[in-house]
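Asks: Below are the sequence and a predicted model; questions follow.
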Amino acid sequence: MARREVTPDVVVVLDADCQLMAGSLRRLAETAYEQGRPVQADDVLTLPPAASPLIAISAFAFLVRNRVRPTGLKRLGLPCHLMGTGMAIPWRALQALPALGSHLAEDMLMGIELASRGFAPMYCASAA
């Protein structure tokens with residue numbers, strides 16, 4: 001009897017140190033499945049108590065890059081960049097990717113490659 005290959009509908013990428021809000025993982029995966037395109041979750045840093053000014057500025061820059069910019073792009077009807085964590089990608093889209101190798105910014109390259117193949121990433125602020 002021939003073996004049938006079983007593939008997932010969606011692949012989710014999370015860093016080990018991520019903290020998710022209740023329901024975020026489901027919302028992220030379901031959105032990617034329903035939209036048929038990659039979805040980027042909200043990805044911000046939690047500022048530690050008594051953070052130094054340098055840490056606070058760094059966290060603010062991270063907030064602008066990972067929340068403000070994708071929100072603006074979404075309002076303009078444009079795709080967002082992938083951020084390496086908090087991503088859900090339909091299996092069909094992953095199959096369209098060429099080998100990316102060991103690129104330094106593989107998440108950004110992946111987003112560009114996916115968009116050029118008709119799978120433009122979208123931002124999902126409600127998945128945090």
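Replies: Looks like it came in fine.
Asks: Straight-line length of stretch 9-26, end to end?
Replies: 13 Å (Cα to Cα, to the nearest Å).
Asks: for that stretch, which positions count as buried?
Replies: The neighbour-count check on stretch 9-26 (16 or more other Cβ atoms under 10 Å) flags 10-14, 24-25 as buried. All C-beta spots, glycine's among them, are computed from the backbone N, C-alpha and C.
Asks: Kindly report the same for stretch 117-124.
Replies: By 16+ other Cβ under 10 Å, the buried positions in stretch 117-124 come out as 119-124.
Asks: pLDDT weak spots in this protein?
Replies: 1 (pLDDT under 70).
Asks: for it, what spans make up the helices?
Replies: Per DSSP state H, the chain carries helices over the ranges 24-35, 53-63, 69-75, 91-95, 106-116.
Asks: quick one: the second one to chain centroid distance?
Replies: Right, helix 53-63. Put simply, helix 53-63 sits 21 Å off its chain's centre (Cα atoms, centre = their mean, to the nearest Å).
Asks: if I look at G86, how far off is Q95?
Replies: Distance of G86 to Q95, computed by Cβ to Cβ, to the nearest Å: 21 Å.
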